[in-house]
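> Got a sequence here, can you build the structure:
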Amino acid sequence: MDAVLEISRIIVPPLITVGLGAYVAQRFFVSRANEAAMVDFMIKELHELQNDSLEYWTHAPDSPENKQRQIVLSQKIKGMIKSLSADSTYYCGRYCKQKTVELQGLLVDVADACTGGDFEGVDRKIDTGRYILVVNAINRVKSEFHRRKI
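Residues are numbered from 1 along each chain as shown. Predicted coordinates:
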């Protein structure tokens, strides 16, 4: 009986230490994996916003079908911007509290680029220059997300 107690006194503390260490390491790596997955999701959403903006700003609403498509695209663009803003607020609150203001500023630039100019104007013309502004603003946000992911 004394031999069992002596062995348990020697073995149990290292087992507890290894178990706690594994738990902490696992939580750290799961957190990093969740952050990377969220970054990937937001980058995918930014890419979708970029594609919808390309279609919106490079097609004139000159026919009834195009006008209807422009209305749908404008709603999608505004919805994606709101969704990205909410997702980035959650992301910053969880993973990078110190970057909240900077990231929100970048998303404001994206919103201004996507919805600026003659957005939803009645006699809107094709504005390829506006699309360049959208691409640049979105790429700045993507770069910040990639920097956080690495």
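> The helix or strand harbouring K142 - contacts with which helices or strands?
Per DSSP states H and E, K142 falls inside helix 128-149. When contacts are defined as 3 or more CB pairs under 8 Å, 6 or more residues apart in numbering; DSSP states H and E, helix 128-149 sits against helix 2-58, helix 100-115. For every residue, glycine as well, the C-beta is placed using N, CA and C.
> ranking these by burial, who's on top?
helix 100-115 (a mean of 17; mean count of other CB atoms under 10 Å).
> Kindly export that helix (C-alpha atoms) in PDB.
Extracted as PDB, the C-alpha positions of helix 100-115 are listed here (Å, rounded to 0.1, in the frame of the first residue of the first chain):
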ATOM      1  CA  THR A 100     -11.100  48.300 -33.700                       C
ATOM      2  CA  VAL A 101     -10.900  52.000 -34.600                       C
ATOM      3  CA  GLU A 102      -8.400  51.400 -37.500                       C
ATOM      4  CA  LEU A 103     -10.400  48.500 -39.000                       C
ATOM      5  CA  GLN A 104     -13.700  50.400 -38.700                       C
ATOM      6  CA  GLY A 105     -12.000  53.300 -40.500                       C
ATOM      7  CA  LEU A 106     -11.000  51.100 -43.300                       C
ATOM      8  CA  LEU A 107     -14.500  49.700 -43.600                       C
ATOM      9  CA  VAL A 108     -15.900  53.300 -43.700                       C
ATOM     10  CA  ASP A 109     -13.500  53.900 -46.700                       C
ATOM     11  CA  VAL A 110     -14.900  50.700 -48.300                       C
ATOM     12  CA  ALA A 111     -18.500  51.900 -47.700                       C
ATOM     13  CA  ASP A 112     -17.600  55.400 -49.100                       C
ATOM     14  CA  ALA A 113     -16.000  53.800 -52.200                       C
ATOM     15  CA  CYS A 114     -18.900  51.400 -52.900                       C
ATOM     16  CA  THR A 115     -21.800  53.800 -52.300                       C
END
